[in-house]
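# Provide a 3D model corresponding to the input given below.
(one chain, ligands or ions: 1)
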Amino acid sequence: MKSNRRSFLRLSALAVPFSQIGSALAHGPVKKPIVISTWDSGQIANGAAWPILARGGKALDAVEQAGIAIENDINCCVGLGGNPDRDGYVTLDACIMDEKSNCGSVAFLERIKHPVSVARKLMETTPHVFLAGVGAQQFALQNGFELEPEALSPSAQKTYDKWLEKAEYKPVINIELEQNKGKGHGPFAPARLEDGSFNHDTMGTLALDANGDVSGMCTTSGMGFKMRGRVGDSPIIGAGLFVDNEVGAATSSGQGEEVIRVCGTHLVVEFMRSGLSPEKACKKAIERIVKPNPERAKTFQVGFIAINKKGEIGAYAIQKGFNYTVTEQGGAHKISNAKCYFS
Ligand code: ASP
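Presented below is the predicted three-dimensional model:
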């Protein structure tokens, strides 16, 4: 299969699977507004963001709705339906950042359905940027968010029970390809493997609105069966998400520790500031991760997506199989098999 194979989804029918349109789709500058999200399930996120952007709304509102939509999806490894940590608890991480460099983050948040909205509330009503654990939950409850039941979703419970049989902490480098092996719902991969394998399915969304402003969000339940208390890159501004309204924005998915080490999305945005296209900026950030130890880098996946102020988009990953979803005037495109280091 060729890199950058693209497919198309008509906006009016989000339930209709992408149909393949080969590689003919132009990938140049795109008119605003535009929204891009990680993975196949980016169709759900973009589907919630697009109506706001299409009517001239703010990128910040659009990306929050994207996060809410995916956190609501019980079949996705984002939000309370996601895989638990190795002690059986779902712990959520999320952040949001707007065009004025306002940002909010929550990490190790339990039993709250919409961490992205808690992050926004924190950003808008307090002088702080980052709350974690019990304090984040307390803040959420004080602000009208409800305490949800502790129980795992049925599919997460099944996956966890299976994982407990071996209880190995062993990430699978390219879960998205494994998922696609005969198990997908049409071209959309299922959210998790049934054999209890690790999964990563962070939703990162970046939007450029009609006004020309950029915002982003990132939400996740993190690596499945992680150590209790482990926090990845997703809620960390500059790692899982970075927005600079003069330049653009970037978000990441994959093994968070590797993204944190290089302040990955901040790096991508700084590379764009120096004049690189979004794809080249993502590539340079991936190289920064890989080069110190290419052998080790063969064992994990990281993917970046980015957008600049012209509405140009790009992505780059370490391994094959990284994909993302773009929605703009006229439709949504799935971009499969982003270019990667080990192609
Ligand atoms: N980046 C996330 C983390 O490390 C995982 C993922 O992307 O699925 O928690």
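# need the strands for the stretch 101-250 of the chain, in chain order.
For the stretch 101-250 of the chain, the strands defined by DSSP state E, counting those that start in this stretch cover 103-109, 130-132, 203-208, 214-220, 241-244, 248-254.
# Tell me the gap between the second one and the middle of its chain.
Looking back up the chat, that one is strand 130-132. On the basis of CA atoms, centre = their mean, to the nearest Å, the separation between the geometric centre of strand 130-132 and that of its chain is 19 Å.
# Which neighbouring elements make contact with it?
strand 103-109, helix 115-125 (3 or more CB pairs under 8 Å, 6 or more residues apart in numbering; DSSP states H and E). To be clear about C-beta, it is placed using only N, CA and C from the backbone, and glycine gets the same treatment.
# gap between residue 226 and residue 252?
Using CB to CB, to the nearest Å, residue 226 is found at 17 Å from residue 252.
# Poorly predicted segments of the stretch 201-343 of the chain, please.
By pLDDT under 70, the stretch 201-343 of the chain has no low-scoring segment.
# Which residues of it lie near the ligand?
Proximity of the stretch 201-343 of the chain to the ligand, by CB under 6 Å from any ligand atom, involves residues 201, 202, 220, 222, 223, 232, 233, 234, 253, 254, 255, 256.
# Excluding covalently adjacent residues, which one is nearest to the fourth one?
Sequence neighbours aside, residue 232 is the residue nearest to residue 222 in space, at 5.0 Å (criterion: CB to CB, 6 or more residues apart in numbering).
# Same check on the first one?
Spatial nearest neighbour of residue 201, chain neighbours left out: residue 77 (3.6 Å); criterion: CB to CB, 6+ apart.
# Burial check on that neighbour, number of neighbours?
Neighbours of residue 77 under the rule other CB atoms under 10 Å: 30.
# Got phi/psi on it?
Backbone torsions of residue 77, given as degrees, to the nearest 10, read phi -80, psi 40.
# go on, residue 113?
Backbone torsions for residue 113, taken as degrees, to the nearest 10, come to phi -70, psi -30.
# Please list all residues in contact with it.
By CB atoms under 8 Å, 6 or more residues apart in numbering, residue 113 lies in contact with 71, 72, 79, 80, 145, 146, 148.
# How about the secondary structure of residue 53?
Following DSSP: H, G, I helix; E, B strand; the rest coil, residue 53 is assigned to helix.
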